[in-house]
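Visitor: Below: sequence and its predicted model.
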Amino acid sequence: MEIVHSAIAILAAIVLIIALKIDPVISLLLACVYLGLATGQGGEGTVGAITGGFGEIMAEVGLLIGFGVLIGALLHAMGTFRDLVEILARRVGRKLPYAMAGTLAAIFPSIYVDVQVVLAAPMAKESAPAVDRRHGLPWLAGAMAVGIFSGYVFVVPGLAAVAIAGLMDVPLGTYLMYGLPIGLATALITTFLFRLILGRGFWDDKTDFDQDVVLEDGRPRAEAEEVPQAEGASRLPLLVRLLPILVPLVLIGAAAILDVAGSSNSVIAFLGDANIALFIGLLIAFAMVRLAMDADGVGQVLTSGFHTTGEILLVTGVGGSLGAVIAESGMDATLKDLFSADAGAPVILSILLAWFIAAVLHFAIGSVSVGAITAAGIISPVVGSLDVDPVVIALAIASGAMFALHVNSNFFWMFSTLLDLSTKGSLKTLTLATSLGAVVSLPLVLVASLVAGAT
C-alpha cells in the first residue's frame, strides 16, 4: 500500500498546486501529513520525518543556496552575466542551450548538482532573450536539467556515477569510457528534441512562469529590478569577474578528482568542500564589489539576494520533507520485494529490467542518487549470473535513475524558484527533460551492450 499512498500524495500535491493554486509549501506539507499517517508512521513519526527531512536538506544545501544566490547577486551588480551573455551570443548565439547542456554533462559532473543549478540559473535567465525571445528560458531550463543529470549519472566523478560503478564493481575507468559518450550524446540529443516540443505550442508564459513574474522584453521582471551597479568592478576583465564562479568550480572539481585517485588530504578536502569553496567565491565577489561601492550599495545588492534565498530555502526544505516521509514509508523495501532479476533473461530484458527498477525507485523516492544506489543494491548480487557485462547493467541503472524528477525532489523546488518557473513550468522543463533523457539514453545503453559484448 505504500506505493498507492505515495502516488496519491504526489498527485494530490500536484493538483493542489496547479489546479487549485495553493502555495507549494502548504500543498507539500499536506501531502507529507497524509502520507505519514496513511502509511502508519503515526503523528509523532510523521512530524519527525517532516522536520528531519527539512533539517537534513538544509544541512546539505542550505549554505550552498545562500552562498550561490549571493554570488549571483554580486556578479549581477558587476554586469558579469550581461557581458558574458554578450560574448556567448556572438560566439554561439542560438546554440547556447547545446553548449550549456554539453558543458554541464561532460565538464562539470564533479560539481554537486545543487551548485550547478545555483550558478547556472542566473546566466540562463540573463541569456534567454538572446537565445530565443519566446522560448529562450524554457529551452535553457531543459538543457540545464538534462545536462546536469546526464553528467551526474553517466560521467565520473559524478556522485551517482561513482556510486553505481562502485556497487556494481565496475572499474571507474571502464565506466567513464562508456558513460562519457552516452552522457554527452544524451544531453545534446535531448536538448534538440526538447526544442522541437517547445516549438509546437507546448509552452504558455501565462501559466508556466511564476504567477508573480511579469515578462518584460522576454525576461522575468525579477531580472529587470533595479539594483545598484558596481561601475568600477564592471570595468574589470571578464575573466577576473568570473573568478567567484571559477575558483569554487576548480576547488570542488580538483578535490573530487584527487579523492577518486586516492591522492586527497585534509587541506584539499577542506578547500574542496562545496560549502567552503562557495564561501571563498562569495568572499572574492564581495571584495570586488565592496572596492567599487560604498557599504550601503553593497547592502542593497545583498538584500536582493537574501530576499530570493529565503523563498528558495523554505520550498526546498519542504520538498525534502516529502522525500523523507516517502523514505520512511518503507517504499524501497516494498519495491525490492516486487522485483527480482532473472539470471536466465536475455540481455535486452536484463537491461530493461535494470532501467525500470531504477526509474520506479527514483520516481517514488525523489532522489536520483538514492534511486540509483537502491537499484544497484537490488541487482548487484545477481549481476554475475547475468549474460551481460556489468558495465552495461550499471549504465542501464544510470539511465533509469534519471527518469522524471518531480515534486518529491528538493532539487525540483530549487530549480523552479531559481528560474522563476511555476510548478507547471518546472514539470514541463525539468520533469520532461529528465524523462526524455532517460528514454534517449536507453537505446544508447543497448548499443553499448553490443560494443561490450564484442570486446
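Guide: Received the coordinates, thanks.

Visitor: burial of residue 266, as a residue count?
Guide: 7 (other CB atoms under 10 Å). Any C-beta I mention is one placed from the backbone N, CA and C, and that applies to glycine too.

Visitor: For it, give its distance to residue 272.
Guide: 11 Å (CB to CB, to the nearest Å).

Visitor: Name the nearest residue to residue 140, ignoring sequence neighbours.
Guide: Closest residue to residue 140 apart from its sequence neighbours, by CB to CB, 6 or more residues apart in numbering: residue 124 at 4.1 Å.

Visitor: For the one you found, identify the helix or strand it belongs to.
Guide: Assigned by DSSP states H and E, residue 124 falls within helix 113-131.

Visitor: immediately after that helix, which helix or strand?
Guide: helix 136-154.

Visitor: For the residue lying closest to residue 348 once chain neighbours are set aside, the count of nearby residues, please.
Guide: Distances taken as CB to CB, 6+ apart place residue 446 nearest to residue 348, at 6.7 Å, with adjacent residues excluded. If you count neighbours by other CB under 10 Å, residue 446 ends up with 18.

Visitor: Give me the neighbour count for residue 103.
Guide: 17.

Visitor: now do residue 125
Guide: Residue 125, neighbours per other CB under 10 Å, totals 24.

Visitor: any idea of the pLDDT on it?
Guide: In this model, residue 125 is scored at 87, pLDDT.

Visitor: That one against residue 141, yeah?
Guide: No - if you go by CB atoms under 8 Å, residue 125 and residue 141 don't touch, sitting 9.4 Å apart.

Visitor: For the two, list the residues in contact with both.
Guide: residue 419 (CB atoms under 8 Å, 6 or more residues apart in numbering).

Visitor: list the helices and strands the helix or strand harbouring residue 72 packs on?
Guide: Using DSSP H and E, residue 72 sits in helix 63-77. Contacting helix 63-77 under the criterion 3 or more CB pairs under 8 Å, 6 or more residues apart in numbering; DSSP states H and E are the following elements: helix 113-131, helix 243-260, helix 274-292, helix 295-328.

Visitor: run the last query once more with 10 Å
Guide: Using 3 or more CB pairs under 10 Å, 6 or more residues apart in numbering; DSSP states H and E, the elements in contact with helix 63-77 are helix 80-91, helix 113-131, helix 231-234, helix 243-260, helix 274-292, helix 295-328, helix 410-418.

Visitor: Pull it out as PDB, backbone CA atoms only.
Guide: Taking C-alpha atoms only, helix 63-77 is exported to PDB below (Å, rounded to 0.1, in the frame of the first residue of the first chain):
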ATOM      1  CA  LEU A  63      24.500  27.200   2.700                       C
ATOM      2  CA  LEU A  64      25.100  26.300  -0.900                       C
ATOM      3  CA  ILE A  65      21.800  28.000  -1.900                       C
ATOM      4  CA  GLY A  66      22.600  31.100   0.300                       C
ATOM      5  CA  PHE A  67      26.200  31.500  -0.900                       C
ATOM      6  CA  GLY A  68      25.300  30.700  -4.500                       C
ATOM      7  CA  VAL A  69      22.400  33.200  -4.700                       C
ATOM      8  CA  LEU A  70      24.500  36.000  -3.100                       C
ATOM      9  CA  ILE A  71      27.400  35.300  -5.500                       C
ATOM     10  CA  GLY A  72      24.800  35.700  -8.300                       C
ATOM     11  CA  ALA A  73      23.600  39.000  -6.900                       C
ATOM     12  CA  LEU A  74      27.100  40.400  -6.600                       C
ATOM     13  CA  LEU A  75      28.000  39.200 -10.100                       C
ATOM     14  CA  HIS A  76      24.800  40.800 -11.500                       C
ATOM     15  CA  ALA A  77      25.800  44.100  -9.900                       C
END
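
Visitor: hmm, back to that, if you compare the helices and strands packed on helix 63-77, which one is most tucked away?
Guide: helix 410-418 (a mean of 26; mean count of other CB atoms under 10 Å).

Visitor: Report the residue spans of this protein with pLDDT below the cut-off.
Guide: Within the chain, the segments meeting pLDDT under 70 span 81, 85, 89, 110-111, 211-227, 260, 331-345, 455.

Visitor: in it, which residue is closest to the centre?
Guide: Geometric centre of the chain, nearest residue: residue 113, 4.7 Å, by CA atoms, centre = their mean.

Visitor: so what's it up against?
Guide: The neighbourhood of residue 113, defined by CB atoms under 10 Å, 6 or more residues apart in numbering, consists of 61, 104, 145, 148-149, 151-152, 158-160, 368-369, 405, 411, 414-415.
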